[in-house]
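S.K.: The following comprises the amino acid sequence and a computationally predicted model.
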Amino acid sequence: MLSTLINAFKEKEIRKKMLLTLLMLLIFRLGCFIPVPGIASGSFQSLASNDFFSIMSTITGGSLQNGTLFALGIIPFINAFIIMQLLTLVIPPLDRLSKQGEDGRKKITQITRYMAILLAIIQGVGICLGWGGDMFDATFGSTKLTMALVIMMFVGGSCLVMWIADRITEYGVGNGTSLIIFVGILASASQSLVNAFANVGNGDTAKNVWLIIAFLVVVLFVFVFIIFVDLAERRITIQYAKQVKGNKMYGGQSTHIPMKVNASGVMPIIFASSFLMFPQMIASFWPTSAFYQWWAKWLGIGTPIYITVMCLLILFFSFFYSQIQFNPDDISKNIQQNGGYIPGIRPGRPTADYLKKINNRITLFGAIFLALIALVPSVVFKFIGQENGLANSFSATGLLIVVSVAMEFDTQLQNQLMMKHYKGFLK
């Protein structure tokens, strides 16, 4: 990856895109330190110190826990995107719109943005009403005008983050939403590591040092395991028959269909965690309510029922997302129309059934991998990092996102370098 970065930086056009991407990410990080007028930062941190908001705060780079301009960050857009993905499958007009090419995708993206703004307003209102006067600065008071100002700042900050993400996607390198989440997770993790090293002398120094080393070793092992599975794929051989068209002969070649073990990436974990966390997020604004107490006791983060339901939801959403991405009937039809076939498998319906069977098997292994990554490392991190504050610095989902985004960024740089080389060859 380092050589790819060096080679990409030598190309003028790609260098401009990379510098623009870095500038947009820098603006995002600066916004994470701009305080919102009317909020008492110390009180806000204590209110947002529970497990749920600590996990959500890692995505925003600690901005949510500090109550700054980008407190909501990209979270409303992520929730809106997930909702639109689900609605596209159950609402026929949206399904037809998604199949209308680039124009249809632009319209769906625009609807997603409007929905994200609506969710940002709901979350901002929920924070202000749920925590009430405890979160406001005494000099401003908890008047309706102050609440309206805070909500406007939260919603405006979320819209600005969406704009930054769009500029990165359109004019920079990589997916803007993914890179903002990537930077937020790394910023939170690095801050936790700095605090852990600063507090080494408090208590048993040798024990604290060994716990930090053990934590870093586990993180490295999880990184390697994620990369290994993320690169794993099953290759289905496709043989094309020879065809004579005019005076030329085509076909007679062999290729393959790459089927990745973890083709759905981190999306099943995000879907499953959002499904479980959304009720807790709404109820957490009223921590004394009976519903919140019941949910925290039985379905709160880390409870046995939460772990069981999380595993089942990951399995469900893995197969659900696989059905969206991979259509064996369409692939079988395309192979047959181009004169291809899978050796030993008849074209048509038998090919589609064969591809479906292989895809289900691979999806099952990918779902088990995601379930292990979502739960086992989190338990280990909590056991090792409880004393030094590293328990919430890296979640398993965060690690998976970091690896996936880094590999996607490297792939996009390689693709752009390849296009430049092809352009030079054609000239």
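M.R.: All right, it came through fine. Numbers count the residues shown, from 1 in each chain.

S.K.: Who are the contact partners of residue 362?
M.R.: 234, 259-261, 263 (CB atoms under 8 Å, 6 or more residues apart in numbering). For every residue, glycine as well, the C-beta is placed using N, CA and C.

S.K.: Quick one: those as TSV, columns for secondary structure and neighbour count too.
M.R.: Conversion of the contacts of residue 362 to TSV gives the following (DSSP: H, G, I helix; E, B strand; the rest coil; neighbours: other CB atoms under 10 Å):
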residue	secondary structure	neighbour count
234	strand	15
259	strand	17
260	strand	16
261	coil	18
263	coil	19
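
S.K.: got those as a markdown table, with distance to residue 15 and pLDDT columns?
M.R.: Converted to a markdown table, the contacts of residue 362 look like this (distance: CB to CB, whole Å; pLDDT from 0 to 100):
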| residue | distance to residue 15 | pLDDT |
| --- | --- | --- |
| 234 | 37 | 86 |
| 259 | 35 | 85 |
| 260 | 31 | 85 |
| 261 | 35 | 84 |
| 263 | 32 | 79 |
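
S.K.: And those residues, which two are furthest apart?
M.R.: Farthest-apart pair in the contacts of residue 362 is 234 and 263; separation 10.2 Å (CB to CB).

S.K.: Which one of the contacts of residue 362 is nearest to residue 373?
M.R.: Proximity of the contacts of residue 362 to residue 373 (CB to CB) peaks at residue 261, which lies at 12.3 Å.

S.K.: Name the nearest residue to that closest one, ignoring sequence neighbours.
M.R.: residue 232 (4.4 Å; CB to CB, 6 or more residues apart in numbering).

S.K.: Next, count neighbours for that neighbour.
M.R.: 14 (other CB atoms under 10 Å).

S.K.: Could you shift the numbering so residue one becomes 367, and keep it that way?
M.R.: Got it, first residue is 367 now, which makes that one residue 598.

S.K.: In contact with it, which residues?
M.R.: Contacts for residue 598 were tallied using CB under 8 Å, 6+ apart; they are 626-628.

S.K.: TSV for those residues, including distance to residue 467?
M.R.: Output for the contacts of residue 598, formatted as TSV (distance: CB to CB, whole Å):
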residue	distance to residue 467
626	25
627	30
628	28
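
S.K.: quick one: which of those is nearest to residue 468?
M.R.: Using CB to CB, residue 626 comes nearest to residue 468 of the contacts of residue 598, at 25.2 Å.

S.K.: For that closest one, give me its contacts.
M.R.: Per CB under 8 Å, 6+ apart, neighbours of residue 626: 596, 598-599, 728, 732.

S.K.: Equivalent analysis for residue 374, please.
M.R.: Residue 374 sits next to 380-381, 384, 539, 779, 782-783 when contact means CB under 8 Å, 6+ apart.

S.K.: next one: residue 648
M.R.: Counted by CB under 8 Å, 6+ apart, residue 648 has contacts residue 492.

S.K.: any idea whether it is helix, strand or coil?
M.R.: Classification of residue 648 by DSSP: H, G, I helix; E, B strand; the rest coil places it in helix.

S.K.: Check the gap between residue 681 and residue 675 for me.
M.R.: From residue 681 across to residue 675, the span is 11 Å (CB to CB, to the nearest Å).

S.K.: Who has more neighbours out of the two?
M.R.: Applying other CB under 10 Å to residue 681 and residue 675 shows that residue 681 carries more neighbours, namely 19 against 15.

S.K.: which residue packs closest to that one, ignoring adjacent ones?
M.R.: Spatial nearest neighbour of residue 681, excluding adjacent residues (CB to CB, 6+ apart): residue 733 at 4.7 Å.

S.K.: residue ranges for the helices of the stretch 417-566 of the chain, please.
M.R.: 417-425, 429-432, 441-456, 458-464, 467-497, 510-537, 542-564 (DSSP state H, counting those that start in this stretch).

S.K.: which helices and strands does the fifth one pack with?
M.R.: In terms of contacts (3 or more CB pairs under 8 Å, 6 or more residues apart in numbering; DSSP states H and E), helix 467-497 is packed against helix 441-456, helix 458-464, helix 510-537.

S.K.: Between helix 441-456 and the last one, find me the angle.
M.R.: Angular relation of helix 510-537 and helix 441-456 on a 0 to 180 degree scale: 70 degrees, by axes from the mean of the first three to the mean of the last three CA atoms, to 10 degrees.

S.K.: how about helix 510-537: buried residues?
M.R.: 512-513, 515-517, 519-528, 530-535 (16 or more other CB atoms under 10 Å).

S.K.: Which other helices and strands does that helix contact?
M.R.: Counting contacts by 3+ CB pairs under 8 Å, 6+ apart, helix 510-537 packs against helix 378-397, helix 441-456, helix 467-497, helix 542-564.

S.K.: Of these, which is nearest residue 435?
M.R.: helix 378-397 (4.9 Å).

S.K.: And the closest one, how far out from the chain middle?
M.R.: 20 Å (CA atoms, centre = their mean, to the nearest Å).

S.K.: C-alpha coordinates for it, CSV please?
M.R.: Only the C-alpha atoms of helix 378-397 are listed here, as CSV (Å, rounded to 0.1, in the frame of the first residue of the first chain):
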residue,chain,number,x,y,z
LYS,A,378,-0.4,15.3,-10.8
GLU,A,379,-4.2,14.6,-11.1
ILE,A,380,-4.2,11.9,-8.5
ARG,A,381,-2.1,14.1,-6.2
LYS,A,382,-4.7,16.9,-6.4
LYS,A,383,-7.5,14.4,-5.5
MET,A,384,-5.5,13.1,-2.6
LEU,A,385,-4.7,16.6,-1.3
LEU,A,386,-8.4,17.5,-1.6
THR,A,387,-9.4,14.4,0.3
LEU,A,388,-6.9,15.3,3.1
LEU,A,389,-8.2,18.9,3.2
MET,A,390,-11.8,17.7,3.5
LEU,A,391,-10.8,15.3,6.3
LEU,A,392,-8.9,18.0,8.1
ILE,A,393,-12.0,20.3,8.0
PHE,A,394,-14.0,17.4,9.4
ARG,A,395,-11.5,17.0,12.3
LEU,A,396,-11.5,20.7,13.0
GLY,A,397,-15.3,20.7,13.3
